[in-house]
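Enquirer: the amino acid sequence is not available; the structure is as follows:
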């Protein structure tokens, strides 16, 4: 099984650490997300959801939904139901407020849950999205296997995740920003010492690009593909059950 490096040396599991970390930054998460990405993340989400438009999914699962940004973007697909799942109750609470403000509670439901133990029946969802969440899975292959299980045959998975640029000078600028600027601003605004140190570390250890496609293939996804965005800073991965 593929396991992504834990946040820090601790007796707590990675799941526990991730849950506590996101609970602690949940109230500032959206601001930090847009601020530290210069707002580019909004366009990334639109492109990710656009991958599902030809499929017209009616029941959609959003794993690691966080504050529900990707679930809200998925409303453009006109689905009957969107179910978002996340470990962090703090993040879910912020997401529910946004959903209520947009009066979309009848379409989007947010549940506290574990990506590696999804409480849904086999072959249930028409599509699944994961936005900046797979690198937080304690066991990557187990989480993806659970997603595969709950998808209907022919259903599509769309994963939006940070990746590592390889071309000069983007690689050097990216590394400087991610390892120097982002942790400082993240700590200053969020008041959490671990969260924005963990972000570059989790990206560094995530098997991006062709390596992640190989994992998708191993799980059983067909037509696995990767589209890089913004000079390779982010990638959209797709696969079909």
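Expert: Yep, that arrived. Computed from a predicted structure; not experimentally measured.

Enquirer: in whichever helix in the chain runs longest, what's buried?
Expert: Among the elements of the chain assigned as helix by DSSP state H, the one spanning the most residues is helix 14-36. Buried residues in helix 14-36, counting neighbours by 16 or more other CB atoms under 10 Å, are found at 14-15, 17-26, 28-30, 32-33, 36. Glycine gets a C-beta too; all of them are placed from N, C-alpha and C.

Enquirer: likewise stretch 43-62?
Expert: 44-45, 48-49, 51-52, 55, 57, 59-62.

Enquirer: now for these, which pair is the farthest apart?
Expert: 44 and 59 (23.7 Å; CB to CB).

Enquirer: re earlier: can you tell me which of the buried residues of stretch 43-62 are in strands?
Expert: Residues of the buried residues of stretch 43-62 located in strands (DSSP state E): 59-62.

Enquirer: ranking helices and strands of this structure by mean pLDDT, which lands last?
Expert: The weakest-scoring helix or strand in the chain, judged by mean pLDDT, DSSP states H and E, is helix 182-190 (a mean of 72).

Enquirer: nearest to residue 142 among the buried residues of stretch 43-62?
Expert: Once CB to CB is applied, the member of the buried residues of stretch 43-62 that ends up nearest residue 142 is residue 61, at 16.1 Å.

Enquirer: ok, now which ones touch the closest one?
Expert: 82-85, 118, 120, 125, 127-129, 147, 150-151 (CB atoms under 8 Å, 6 or more residues apart in numbering).

Enquirer: cool, residue 86 as well?
Expert: 22, 64-66, 92, 95, 110, 112-113.

Enquirer: same question, residue 59
Expert: Residue 59 touches 79-81, 83, 124-126, counting by CB under 8 Å, 6+ apart.

Enquirer: give me the next element, helix or strand, following the longest strand seen in the chain.
Expert: Longest strand of the chain, by residue count under DSSP E: strand 151-162. Using DSSP states H and E, the helix or strand that follows strand 151-162 in sequence is helix 170-176.

Enquirer: tell me the helices and strands packed up against that next one.
Expert: Here helix 170-176 touches no other helix or strand, going by 3 or more CB pairs under 8 Å, 6 or more residues apart in numbering; DSSP states H and E.
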